[in-house]
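S.K.: Just need the structure, nothing else, for what follows:
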Amino acid sequence: VQLVESGGGSVQAGGSLRLSCAASGYTFSTAYMAWFRQAPGKEREGVASIAYGGPTRYADSVKGRFTISKDNTKNTLYLQMNSLKPEDTAVYYCAARFRPSPFPLRENYYPSWGQGTQVTVS
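M.R.: The predicted model follows:
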């Protein structure tokens, strides 16, 4: 399993970014995927998840601003981030799991992780 994030960068508050996660080494269309983030000095937290059938889940802090999606034809996961705030500054990771979970935003259910991409909002 390989997950490679891209699309991070620096943006002013109120701006937008779209993160991508290219996946390989497994059947992407049937996996459960998620985005997590870790800010300096804080624990990693779940941001958004998407089940293989399409249902999504979001952290309260990003609801209405972030949208998770995936393109099974490209084996790619996305995170569209709008109305960014300085508190969104973090390293963002994509993650994959292969079984259902009652807690889709808990990191311990995800065995596969990307290397992360930095998002800085000023």
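S.K.: Please name the residues that touch residue 6.
M.R.: Each residue near residue 6 by Cβ atoms under 8 Å, 6 or more residues apart in numbering is listed here: 19-22, 117. C-betas here are computed from N, CA, C, even on glycine.
S.K.: Actually, residue 49.
M.R.: 32-35, 56-57, 68, 104-105.
S.K.: Count the neighbours of the nearest residue to residue 29 once chain neighbours are set aside for me.
M.R.: Nearest residue to residue 29, sequence neighbours excluded (Cβ to Cβ, 6 or more residues apart in numbering): residue 72, at 4.2 Å. By other Cβ atoms under 10 Å, the residues close to residue 72 number 12.
S.K.: Among the contacts of residue 6, which lie within strands?
M.R.: 19-22, 117 (DSSP state E).
S.K.: Closest one of these to residue 43?
M.R.: Nearest to residue 43 among the ones in strands among the contacts of residue 6, counting by Cβ to Cβ, is residue 117 at 18.4 Å.
S.K.: residue contacts, the spatially closest residue to that closest one that is not a sequence neighbour?
M.R.: The shortest distance from residue 117 to any non-neighbouring residue, by Cβ to Cβ, 6+ apart, is to residue 8 (3.4 Å). Residue 8 is in contact with 17, 19, 92, 117-119, counting by Cβ under 8 Å, 6+ apart.
S.K.: mind giving me CSV with the contacts of residue 49 and columns for neighbour count and distance to residue 1?
M.R.: CSV is the format used below for these (neighbours: other Cβ atoms under 10 Å; distance: Cβ to Cβ, whole Å):
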residue, neighbour count, distance to residue 1
32, 20, 13
33, 26, 12
34, 28, 14
35, 27, 16
56, 15, 22
57, 16, 22
68, 21, 19
104, 20, 18
105, 18, 20
